[in-house]
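Colleague: I need the structure of the sequence given here:
(2 chains)
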Amino acid sequence: MSFKLFKDPIYGYVEIDSEIVRSIIDTACFQRLRNIRQTSYAPLYPASFHNRFIHSIGVYHLGRKVFDSVHNSMGSLEQMFLEELDNAKRLFELALQHAMRSIDKYFALSESGSRFFSLDSLTRNGEDFGNKGKISLLADEDVLYIMKNVYSDDLMDEYFFRGSRRHPLWKSEAEYRALFDNELGKNKLDEFEITFKEIEKYLIDYFSIPVINEKVLEHIEREERKIIEKKSTIPDKDYKNLMDGMKKIKKWVDCLSRIASENDILFDFVIISANKFKSGFLKQDLEKILIVFPSLKLIPSIKEVSTILTSEKTRDSFFYLFYKSKDHDGKDKEVPVKAIAEALAGELFVFVT
Amino acid sequence: MVYRFIGIEDLAANALIELLEKSGCRRVDFETLLKYGNAVTNVLRENGDEATLLLSKEYTNELIRNYSDFFEIDHSDQKNDAIVLREEKTVEDLRNRFRAFLTLDYLLAFTDSKSLAELGVAV
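Modeller: Down below sits the predicted model:
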């Protein structure tokens, strides 16, 4: 069996079976990973420049060490189990391919993202966007080009013009609790979060981005008129629900408009639910996975041997609300976060009719 | 043209509202859900909107994580999992949660006769 060596900045030379190099690493789809930053566009680690290519090689290296270690410590076990382990190792090697399909989920859901984050954009032939160009083997350079030139908008500009970016009213769940926990009981807090989660969803459904501004206010008034016009085609129960929903959205959009006006800041808020930052793995799925310890007769689940899944449950609908700390003349503006939180909390006790 | 996405939670909730009201059924399998979703996107397309269904394993996980108070997954049929409405939830709960913040175009597509035909329920 022949190998090829890859120099990893942390682990040194990593040996990889030539067959895996030929069938996976040498493909255009895998080589594409050289042009994708592992830390994406997150500004938190500016010195982190490693790409998904070397990340995947590092994961492969560590994974193999685990399999080899398990294999070497099981000499006396029956052959069938060793075969299962080898199959799992082979599957792990093939899992190198997972990185090839990785794309930024949030951006992929936006209107612009949906159009060029297609499977075709990942291939060599690519996808043709007419006068906007063609994308093949989609990589970071394409995303930056498109952000700057093709689908440039207010949200995209935040990446380049950091001074005018939006700020979150609360930066963590702890800050959020400090602002609202004493003001609101659990039921009101749940209501607050669920309402904003639904408004975010509505805005993404309609505008692709969850921005609340004057345009949304106009849209709601238009949509209300449309629902009234089509009343005869809508079942009574659904008509009532739709109108109630519109009123609820309008109530909160009006509230944010008022907050902006009273604090002399731009009427421009963005809702982003915290779920966007969670992994796709479900605790319920992970905790059921069985772990085989060769020296034990009992086969426990992850939940029984690890405390990693028993950490405190976070709020399911927790969200961030971003604002622009600028006045109408574009000057920086101090924002009284506490007063805004109080205004939001107070709105929960205003009922729409 | 507006380009939009239909999440598995909206699709499942709207399918279950219709199934529960018209046939008393509290579950919808993924195969039926996909057919229903395709019919809904076709209706939207006929009206000039392009829509994509979000039904992958990852979105199904999100459904369970975000709406576990409403839905659970039934794995009893190994070839065709199903989304089941939790016993304590009613059709009114579904309506209040999933048909209040829905755009009108979506509602009309979810309740279109061609979409409902895929669920096997009459208008």
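Colleague: what pLDDT does residue 44 get?
Modeller: Since no chain was named, I'll use chain A. Here, the pLDDT recorded for residue A:44 equals 66.
Colleague: hm, I was asking about chain B
Modeller: For residue B:44, pLDDT reads 91.
Colleague: any idea how many residues pack against the residue in chain B positioned nearest to chain A?
Modeller: Nearest to chain A in chain B, going by Cβ to the nearest Cβ, is residue B:100, at a distance of 3.4 Å. C-beta: built from backbone N, CA, C; applies to glycine. Counted by other Cβ atoms under 10 Å in any protein chain shown, the residues lying close to residue B:100 total 21.
Colleague: any idea which element the nearest residue to it once chain neighbours are set aside lies in?
Modeller: In space, and not counting its chain neighbours, residue B:100 is closest to residue A:245: 3.4 Å by Cβ to Cβ, 6 or more residues apart in numbering or on different chains. Using DSSP states H and E, the element containing residue A:245 is helix A:236-262.
Colleague: other SSEs contacting that helix?
Modeller: Packing contacts for helix A:236-262, counted by 3 or more Cβ pairs under 8 Å, 6 or more residues apart in numbering or on different chains; DSSP states H and E, involve helix A:186-207, strand A:211-212, helix A:214-229, helix A:337-347, helix B:91-98, helix B:104-110.
Colleague: verify the stated contact: residue B:65 with residue A:274.
Modeller: No - between residue B:65 and residue A:274 there is no contact under Cβ atoms under 8 Å: 11.4 Å.
Colleague: what separation do you get for residue A:207 and residue A:199?
Modeller: With distances taken as Cβ to Cβ, to the nearest Å, residue A:207 is found 11 Å from residue A:199.
Colleague: ok, the two, which is more surrounded?
Modeller: Using other Cβ under 10 Å as the criterion, residue A:207 and residue A:199 rank with residue A:199 on top: 21 against 17.
Colleague: list the contacts of that one.
Modeller: A:210, A:212, A:248, A:249, A:252, A:271, B:101 (Cβ atoms under 8 Å, 6 or more residues apart in numbering or on different chains).
Colleague: the first one: neighbouring residues, count only.
Modeller: A count of nearby residues for residue A:210, using other Cβ under 10 Å, gives 24.
Colleague: the residue of chain B closest to chain A reaches residue A:201, doesn't it?
Modeller: No - contact criterion Cβ under 8 Å: residue B:100 and residue A:201 do not qualify, at 11.1 Å.
Colleague: buried set for the helix holding residue A:245?
Modeller: A:238-239, A:241-243, A:245-246, A:248-250, A:252-253, A:255-257, A:259-260 (16 or more other Cβ atoms under 10 Å in any protein chain shown).
Colleague: related to what we said a few turns ago, pretty sure the residue nearest to residue B:100 contacts residue B:103?
Modeller: No - using Cβ under 8 Å, residue A:245 is not in contact with residue B:103, being 9.6 Å away.
Colleague: shared neighbours of the two, which are they?
Modeller: Counting by Cβ under 8 Å, 6+ apart, the residues touching both residue A:245 and residue B:103 are residue A:202.
Colleague: show me what from chain B comes close to chain A.
Modeller: By Cβ under 8 Å from any Cβ of the partner chain, the residues of chain B that approach chain A are B:2-5, B:7, B:52, B:58, B:61-62, B:64-66, B:68, B:95-97, B:99-104, B:106-108, B:111.
Colleague: just the buried residues out of those residues, in ChimeraX syntax.
Modeller: To isolate the buried ones among the residues of chain B next to chain A in ChimeraX, judged by 16+ other Cβ under 10 Å, type:
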select /B:2,4,5,7,61,62,64,65,66,95,97,99,100,101,102,103,104,106,107,108,111
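Colleague: count the neighbours of residue A:28 for me.
Modeller: Neighbour tally, residue A:28, other Cβ under 10 Å: 12.
Colleague: any idea how far it lies from residue A:138?
Modeller: Residue A:28 is 11 Å from residue A:138, by Cβ to Cβ.
Colleague: swap in residue A:350?
Modeller: 47 Å.
Colleague: higher neighbour count, these two?
Modeller: Each of residue A:350 and residue A:138 has its neighbours counted (other Cβ under 10 Å); residue A:138 has more, 22 against 9.
Colleague: show the pLDDT at that one.
Modeller: pLDDT, read off for residue A:138, is 85.
Colleague: show the pLDDT at the residue nearest the centre of chain B.
Modeller: Central residue of chain B (Cα atoms, centre = their mean): residue B:11, 2.1 Å from the mean position. Here the pLDDT value assigned to residue B:11 is 94.
Colleague: so after the helix holding residue A:245, what's the next helix or strand?
Modeller: strand A:269-273.
Colleague: now do whichever helix or strand comes after that next one, average pLDDT.
Modeller: Counting by DSSP H and E, the next helix or strand C-terminal to strand A:269-273 is helix A:283-287. If you average the pLDDT over helix A:283-287, you get 74.
Colleague: ok, and what's touching helix A:283-287?
Modeller: Taking Cβ under 8 Å, 6+ apart as the rule, helix A:283-287 contacts A:301, A:302, A:303, A:309, B:61, B:64.
Colleague: mind listing which of these are in helices?
Modeller: Among the contacts of helix A:283-287, the residues falling in helices (DSSP state H) are A:302, A:303, B:61, B:64.
Colleague: would you turn those into JSON lines with pLDDT and distance to residue A:175?
Modeller: Below are those laid out as JSON lines (pLDDT from 0 to 100; distance: Cβ to Cβ, whole Å):
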{"residue": "A:302", "pLDDT": "82", "distance to residue A:175": "31"}
{"residue": "A:303", "pLDDT": "81", "distance to residue A:175": "31"}
{"residue": "B:61", "pLDDT": "77", "distance to residue A:175": "28"}
{"residue": "B:64", "pLDDT": "78", "distance to residue A:175": "28"}
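Colleague: with these in mind, which one is nearest to residue A:164?
Modeller: Distances from residue A:164 to the ones in helices among the contacts of helix A:283-287, taken as Cβ to Cβ, are shortest for residue B:61 (35.8 Å).
Colleague: over to the residue nearest to residue A:122 when sequence neighbours are not counted: give its phi and psi.
Modeller: Leaving aside its chain neighbours, residue A:122 sits nearest to residue A:138 (5.5 Å; criterion: Cβ to Cβ, 6+ apart). When read as degrees, to the nearest 10, the backbone of residue A:138 gives phi -40, psi 130.
Colleague: my read is that residue A:138 contacts residue A:124, right?
Modeller: No - counting by Cβ under 8 Å, residue A:124 is not a contact partner of residue A:138; they are 11.1 Å apart.
Colleague: look up phi and psi at residue A:128.
Modeller: Main-chain torsions, residue A:128, degrees, to the nearest 10: phi -90, psi 130.
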